[in-house]
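Undergrad: have a look; sequence and predicted model below, questions after that.
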Amino acid sequence: MPAPRRLARCRPRVGAGALALAVALAVAAPARAQESDIPAPASLAADYRLTNADGDRMCLLTLSEKPQGRARSPARFEVALDRQACAGAILFSVDIASWSPGPGNAIRLQGPDGALVAEFTEGVGGTWEALREGDGVYFLVNPRLADPALHAADLVGVWDMAEQAGKPLCRLELTDAEAGGGTFRARLAAGCPARLVALAPDRWRLDGGSLVLLTARGEGLRFAAQEDGGWEKVPPEEGKPLLLSRP
C-alpha cells in the first residue's frame, strides 16, 4: 500500500501592494501623533511682545487665527505688526510674514516664502523663548497670560544671589527708587564675588511675568519665576546659572 501523502502547509503570500501599505502606515503613525500635538491656532492667537534677551528692545505684534492667503498645507496665519517701529528694535522682524502653531504649543514665525524665521517654545508665565543661531535669545510674552497679581512692589527688598540652590554668594537689593524708563534702582551688597561685581547690576524692571536685571553697560539678565518663589536666570544653559531667593 503506498504511503499516505502529506499535505504541505501553505503560507499566505504577502503581495507587494499590501507590503507597501503596511510600510506607509508605519511611517504615517508618528506623523499623525505629531500632528495631534499641534494646538488649534485660536488657542495661541493673541497680542504679544517680542523682546530681546535683555528686555530693552521690543516689538508689538498680533497673531491672528485668520489663514494667510490661499489654503496651504500646513496652514499659515496672519501676523500684524508696525514694521517700521519693529525694524529698529528687532531686526529680524522685517522678515516676519506669517505664523503657525507647532507641537507642544510652539509658535513658529515664518517669512514670505514660509521659511522658518524663529520657533518659540512655551516657557512659564505666558512667555515663549527662541534661540536664533548667530543672533541670540528672544522672547514672546503674552501679557494676558502673564501673572496679573505680580507687581514691582512685590519684588522690592533684599535677595540672595546664588549659582547653586541653598548656597548664596551675596545679596542684591531691589529698590523702588525710579531710574527712568519704567526701571528701578538695584544695589549689590559689599563682599560679592568679582564675577558678580563685574555684572554691575544697577537697575531692574518687570517685563510681563519676567524679572529683568539691567547693568550699567546696558546689558540685561532675564529671570523666570520659580514655584518656590525664587527666580532663575533664563536660558539657564547660557553661562553660569544664577538664582535669586529671599533670605
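TA: Here it is on my side, so go on.

Undergrad: any idea which helix or strand comes after the strand ranked longest in the chain?
TA: When the chain is parsed with DSSP state E, its longest strand is strand 168-180. With elements assigned by DSSP states H and E, the helix or strand that comes after strand 168-180 is strand 183-188.

Undergrad: pull out the buried positions in the helix or strand following that next one.
TA: Sequence-wise, the next helix or strand downstream of strand 183-188 (DSSP H and E) is helix 194-197. Buried residues in helix 194-197, counted by 16 or more other CB atoms under 10 Å: Leu196. Yep, even glycine has a C-beta here, placed from its N, CA and C like the rest.

Undergrad: show residues contacting helix 194-197.
TA: 161, 169-170, 188, 240 (CB atoms under 8 Å, 6 or more residues apart in numbering).

Undergrad: swap in stretch 92-111?
TA: 34, 37-41, 43-44, 50, 59, 61, 63, 68, 74-79, 81, 83, 86-87, 112, 114, 116-122, 128, 132, 135, 140.

Undergrad: which helices and strands does the longest strand of the chain pack with?
TA: Counting contacts by 3 or more CB pairs under 8 Å, 6 or more residues apart in numbering; DSSP states H and E, strand 168-180 packs against helix 152-155, strand 157-162, strand 183-188, strand 201-207.

Undergrad: narrow the contacts of helix 194-197 to those that are buried.
TA: 161, 169, 188.

Undergrad: which strand residues bridge the last one?
TA: The reference is to Leu188. Note on Leu188: beta-bridge partners by DSSP bridges are Leu172.

Undergrad: does it really touch Cys170, like I thought?
TA: Yes - here Leu188 reaches Cys170: they are 6.8 Å apart, a contact under CB atoms under 8 Å.

Undergrad: buried only: go through the contacts of stretch 92-111 for me.
TA: 41, 44, 50, 59, 61, 63, 68, 76-79, 81, 86, 117-120, 122, 128, 140.

Undergrad: circling back: how far out from the middle of the chain is the longest strand of the chain?
TA: 26 Å (CA atoms, centre = their mean, to the nearest Å).

Undergrad: what angle sits between that strand and strand 201-207?
TA: Orientation of strand 168-180 against strand 201-207 (axes from the mean of the first three to the mean of the last three CA atoms, to 10 degrees) gives an angle of 70 degrees.

Undergrad: for strand 168-180, give the mean pLDDT please.
TA: Mean pLDDT, strand 168-180: 92.

Undergrad: for stretch 81-99, same thing?
TA: The model assigns stretch 81-99 a mean pLDDT of 93.

Undergrad: can you pull the buried residues of that stretch?
TA: 81, 86, 89-90, 92-93, 96-99.

Undergrad: how is this protein carved up into domains?
TA: Here the domain parsing of the chain from automatic domain parsing is 41-141, 152-245.

Undergrad: now tell me what touches stretch 226-235 from outside.
TA: Here stretch 226-235 has contacts from 123, 129, 131, 137, 159, 210-211, 221-225, 241-246, using CB under 8 Å, 6+ apart.
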